[in-house]
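Peer 1: Give me a model of this one.
(chains A and B)
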Amino acid sequence: DAKTTQPNSMESNEEEPVHLPCNHSTISGTDYIHWYRQLPSQGPEYVIHGLTSNVNNRMASLAIAEDRKSSTLILHRATLRDAAVYYCILRAHTGANSKLTFGKGITLSVRP
Amino acid sequence: GAGVSQSPSNKVTEKGKDVELRCDPISGHTALYWYRQSLGQGLEFLIYFQGNSAPDKSGLPSDRFSAERTGGSVSTLTIQRTQQEDSAVYLCASSLPSLDTQYFGPGTRLTVL
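Peer 2: Numbering: from 1, shown residues only, chains lettered A, B, ... in the order given. Next up is the predicted model:
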């Protein structure tokens, strides 16, 4: 699986936007960029995914670089509940194996 | 609707004992996955079931680990002769067609003394 690189941690202030970067320079043409997050003592939850175009949903936005070698997850107004580990994952949408390969993720802390 | 459920939520066992962990996927989800998360480690894929196809067991760490899925629904992960290094949170996830969003359960925290 192609590898992603994320900073170890990031801090933000409540009600401010947060930009979480992810590098994936070895991404292949069939790889989708997925983001999951894991709140303390919970299982991971899906946040968003995209292929080439920027994506928006009720949780977040995903900005994908034109060359697809990096992407940024954007939380428009951070809340205390957004404190979690955020995982950027590349997932091929071809082939039989659809497991998620998690890295260490980025730990987001939100200050009141 | 109901999400993925797992039982028990916590399990403490003695080294050498066998344990069974249960996962109830979301109704209608044909794909089911097991992962584990050790203290300070990321999530590690264990096994994947898709419909009636042969499971992908490529992530199972040893032959002490096995899993089955009965009737295309409930799955049981069995660990035989548990070791202390098996202590971890075991997470189950399910999804619709195998490449769709995965929905995770709350996990079973296994502690091997």
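Peer 1: And whatever residue of chain B ends up closest to chain A, how far from residue A:21?
Peer 2: Distances between chain B and chain A by C-beta to the nearest C-beta are smallest at residue B:104, namely 3.2 Å. Heads up, the C-betas are built off the backbone N, CA and C, glycines and all. Residue B:104 is 24 Å from residue A:21, where distance means C-beta to C-beta, to the nearest Å.
Peer 1: Please say which of those two ends up with more neighbours.
Peer 2: residue B:104 (23 against 15; other C-beta atoms under 10 Å in any protein chain shown).
Peer 1: Need the per-residue pLDDT for the more buried one.
Peer 2: If you check residue B:104, the pLDDT there is 96.
Peer 1: Now do the SS call for the closest residue to it other than its chain neighbours.
Peer 2: Computed as C-beta to C-beta, 6 or more residues apart in numbering or on different chains, the closest residue to residue B:104 that is not its neighbour in sequence is residue A:43, at 3.2 Å. Secondary structure, DSSP: H, G, I helix; E, B strand; the rest coil: residue A:43 is coil.
Peer 1: Could I get the contacting residues of the closest residue to chain B within chain A?
Peer 2: Chain B sits closest to residue A:43 of chain A, with a gap of 3.2 Å, by C-beta to the nearest C-beta. Residues in contact with residue A:43 (C-beta atoms under 8 Å, 6 or more residues apart in numbering or on different chains) are B:4, B:91, B:93, B:104-107.
Peer 1: What separation is there between it and residue A:62?
Peer 2: From residue A:43 across to residue A:62, the span is 21 Å (C-beta to C-beta).
Peer 1: go on, residue B:46?
Peer 2: With the distance defined as C-beta to C-beta, residue B:46 ends up 28 Å from residue A:62.
Peer 1: Could you do residue A:54 as well?
Peer 2: 6 Å.
Peer 1: try residue B:89
Peer 2: Distance from residue B:89 to residue A:62, by C-beta to C-beta: 27 Å.
Peer 1: which of the two has more neighbours?
Peer 2: Neighbour totals were compared for residue B:89 and residue A:62, and residue A:62 leads with 22 against 19 (other C-beta under 10 Å).
Peer 1: which residue packs closest to residue B:8, ignoring adjacent ones?
Peer 2: The nearest residue in space to residue B:8 (C-beta to C-beta, 6+ apart) is residue B:108, at 6.0 Å.
Peer 1: Thanks a lot, catch you later.
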